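1. Next comes the sequence, and after it the predicted model I'd like to discuss.
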Amino acid sequence: MKKHLVAVVCLLALVSVLAVAQDGYQPARVVAFEKVASSPQHPENADKYKMSMQIGDTFYKCEARGPVSVFNDWTTGKEYPARLDEKAKTMQVQGPGGEVTLTITGKKR
């Protein structure tokens, strides 16, 4: 009975991974994350964030803007499904606060 349960759980995990992969999403790990400090001289930075994301063996330096509620649970080491568009230099990430568009500012293998 336990073997059947383990087999079913493994099968469901495999199906969910394949479903995410078919949509063009792949796991992206947060390598670094920081909120850009705002100041009276630069109030436009009040909702700006910088992060480094890793997909496979490639690291992407990214920037994004949004309310604190969107990035509240983003921490180093967490993985989120992401869809990469290298032509547009963007990455769509499905985070806990909803889908976020990151602008890619650099790339390193």
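-> Received it, and whenever you're ready, just let me know what you need. None of these values were measured; they are calculated from a predicted model.
2. list the contacts for Lys89?
-> Contacts for Lys89 (C-beta atoms under 8 Å, 6 or more residues apart in numbering) come out as Thr103, Ile104, Thr105. (Glycine included, C-beta is placed from N, CA and C.)
3. how close does the first one get to Gln92?
-> Right, the one you point to is Thr103. Thr103 is 11 Å from Gln92, where distance means C-beta to C-beta, to the nearest Å.
4. who has more neighbours, the two?
-> Per other C-beta atoms under 10 Å, whichever of Thr103 and Gln92 has more neighbours is Gln92, with 16 against 13.
5. Leaving out sequence neighbours, find the closest residue to Pro67.
-> Asp47 (6.4 Å; C-beta to C-beta, 6 or more residues apart in numbering).
6. now swap in Phe59 and tell me
-> With C-beta to C-beta, 6+ apart as the criterion, Phe59 has its nearest non-adjacent residue at 4.7 Å, and that residue is Lys108.
7. what about that neighbour, how many residues close to it?
-> Using other C-beta under 10 Å, Lys108 is surrounded by 10 other residues.
8. and if you look at Thr90?
-> Neighbourhood size, Thr90 [other C-beta under 10 Å]: 16.
9. So in terms of bridging, what pairs with the residue lying closest to it once chain neighbours are set aside?
-> Leaving aside its chain neighbours, Thr90 sits nearest to Thr101 (5.6 Å; criterion: C-beta to C-beta, 6+ apart). Per DSSP bridges, the residues bridged to Thr101 are Gln92.
10. contacting residues for Thr101?
-> By C-beta under 8 Å, 6+ apart, the contact set of Thr101 is Ala64, Thr90, Met91, Gln92, Val93.
11. and it, how far is that from Gly66?
-> Relative to Gly66, Thr101 is positioned 9 Å away (criterion: C-beta to C-beta).
12. My guess is Met53 contacts Val93. True?
-> Yes - taking contacts as C-beta atoms under 8 Å, Met53 lies within contact range of Val93: 7.5 Å.
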